[in-house]
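>>> here is the input, now give the coordinates:
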Amino acid sequence: QVQLQESGPGLVKPSQTLSLTCTVSGGSITTSKYFWSWIRQPPGKGLEWMGGIQYDGSTYYSPSLKSRTSISRDTSRNQFSLQLNSMTPEDTAVYYCARSIAGHADFSSWGRGTQVTVSS
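Here you go, the predicted model:
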């Protein structure tokens with residue numbers, strides 16, 4: 001059973017860069033057919049897909065966040081990471097990492113989520 005765990009700072013100042021890491025256990029991020037995503041949920045709002053990285057290293061981003069987002073991976077540690085630049089209070093949210101089948105939007109495995117607050 002694959003497990004995902006987010007880690008990173010809980011508090012970020014405006015204009016700073018957020019860096020989050022998702023550590024995967026019970027399965028390899030390079031296993032063919034899987035896609036690894038970052039998803040967030042601001043308070044009182046729905047889930048927002050931010051972007052992700054495919055088993056072959058290809059990256060895909062939400063058009064609305066593409067200019068500020070970078071997703072990478074460390075295959076030796078079985079981790080993938082999110083960087084979100086120029087943070088504002090509107091980026092305050094619970095951030096999740098999740099796995100799906102490449103080409104499909106049904107996320108079968110999720111991390112527990114990590115709260116990120118943007119405040120000075």
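>>> name the SS class of the residue nearest the centre of the chain, please.
With distances taken as C-alpha atoms, centre = their mean, Trp38 lies nearest the centre of the chain, 2.4 Å away. Following DSSP: H, G, I helix; E, B strand; the rest coil, the label given to Trp38 is strand.
>>> who's it bridged to?
Gly51, Cys97 (DSSP bridges).
>>> identify each of the strands in the chain and give its residue range.
3-7, 11-12, 18-25, 34-41, 48-54, 59-61, 69-74, 79-84, 93-101, 107-110, 114-118 (DSSP state E).
>>> one step back: test my guess that the residue nearest to the centre of the chain contacts Val94.
No: contact criterion C-beta atoms under 8 Å: Trp38 and Val94 do not qualify, at 11.5 Å. Quick note: C-beta positions are derived from backbone N, CA and C, even for glycine.
>>> run a quick neighbour tally on the closest residue to Thr31 other than its chain neighbours.
The spatially closest residue to Thr31, leaving aside those adjacent along the chain, is Tyr55, at 5.9 Å (C-beta to C-beta, 6 or more residues apart in numbering). Counted with other C-beta atoms under 10 Å, residues neighbouring Tyr55 total 16.
>>> for Tyr55, give me the pLDDT.
Tyr55 is assigned 95 on the pLDDT scale.
>>> show me what contacts Val116?
Applying C-beta atoms under 8 Å, 6 or more residues apart in numbering to Val116 gives the contacts 8-12, 18, 20, 91-95.
>>> let me know the closest of these to Thr59.
Thr59 lies nearest to Leu20 out of the contacts of Val116, by C-beta to C-beta, at 15.1 Å.
>>> nearest residue to the closest one in space, please, no chain neighbours.
Gly8 (3.8 Å).
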